[in-house]
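Enquirer: Give the three-dimensional model of this entry:
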Amino acid sequence: MSQLSLILELSGNPIAVLENVTEAQDIAVQPGAVWEIPEKARAYLLDLLQGGGAGLHVEFAGLLLRTFHDLAEVPRSAFGETKHALSGVALQMELDPLLKKVERKRLIRGAAFRRRNEMALRILEQYTGETFAPYRSRAVWGPVLPQDRSRLVEDETRLVAGGIHSRRTAAGLLDVADPDGEWSRWREEEREMSNAG
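Expert: Numbering: from 1, shown residues only. Purely as a prediction, here's the structure:
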């Protein structure tokens, strides 16, 4: 792209080429300019765009872009290149390769984060003498695509009411940072309400 930009800039400010001229002064490249040159000499403007040179650069840039898309496993719709309007579900289906890639990365990084946390707790144990085992931690990832949380809340409410999911499970699925803490706070509120009543 840099080379193409340079070529286009030079083409917009053309270079005057004088052949068989030993000395020249005041050669102006502008409309209506008149050049006096000796016999058997030749003068012309250098056309850097002849022979399709600019097109070759554009094709190469397009090839690079396609290669980056293929290597990144990212569909073109992720870059806003959709040919028609898609519904939320259709867009999610089209972005599925990207979602799978993010899921793989999260699995790898989640294991690395858990290992890092375990090492940090072991170091803390050495310096404080306090025991933190068993070392349990989990990475909480946000959604990749916008989610319809109202539908998820309704589903989890029905599952909890039907005894299929626990409140902690529902809180975890709804991305509550501390489901156990939230459960304790809920029980405390229930006790306060029953005592007040």
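Enquirer: Can you give me the buried ones in stretch 160-172?
Expert: Across stretch 160-172, burial judged by 16 or more other CB atoms under 10 Å covers 160, 165, 170, 171, 172. Just so you know, the C-beta spots here come from the backbone N, C-alpha and C atoms, and that holds for glycine as well.
Enquirer: Closest one of those to residue 194?
Expert: The shortest approach to residue 194 among the buried residues of stretch 160-172 belongs to residue 160, at 19.6 Å (CB to CB).
Enquirer: The closest one contacts residue 171, correct?
Expert: No. The criterion here is CB atoms under 8 Å, and residue 160 misses it with residue 171 at 9.6 Å.
Enquirer: Could I get the full set of helices for the chain?
Expert: In the chain, the segments counted as helices under DSSP state H are 2-12, 53-72, 88-94, 96-128, 149-161, 167-173, 179-196.
Enquirer: Quick check: which of these is buried the most?
Expert: Mean neighbours per residue, mean count of other CB atoms under 10 Å, is largest over the helices of the chain for helix 167-173, with a mean of 17.
Enquirer: Domain ranges for the chain, per the record?
Expert: Domain ranges of the chain: 2-72, 84-142, 147-197, per automatic domain parsing.
Enquirer: Can you say which of those is nearest to residue 78?
Expert: domain 84-142 (5.5 Å).
Enquirer: tell me the residue furthest from the middle of this protein?
Expert: The outermost residue of the chain relative to its centre, with distances by CA atoms, centre = their mean, is residue 39 at 62.3 Å.
Enquirer: Now that residue: phi and psi?
Expert: Backbone torsions for residue 39, taken as degrees, to the nearest 10, come to phi -70, psi 150.
Enquirer: Now for it: which residues touch it?
Expert: For residue 39, the contact set (CB atoms under 8 Å, 6 or more residues apart in numbering) is empty.
Enquirer: repeat for the one 5 residues further on
Expert: Residue 44 makes contacts with 16, 17, as judged by CB under 8 Å, 6+ apart.
Enquirer: how about 6 Å then?
Expert: By CB atoms under 6 Å, 6 or more residues apart in numbering, the contact list for residue 44 reads residue 17.
Enquirer: got any ranges where the protein has weak pLDDT?
Expert: Across the chain, the ranges flagged by pLDDT under 70 are 12, 26-27, 29, 53, 79-81, 197.
Enquirer: If we use 90, what do you get?
Expert: Along the chain, the parts satisfying pLDDT under 90 run over 1-102, 132-153, 156, 165-187, 190, 193-197.
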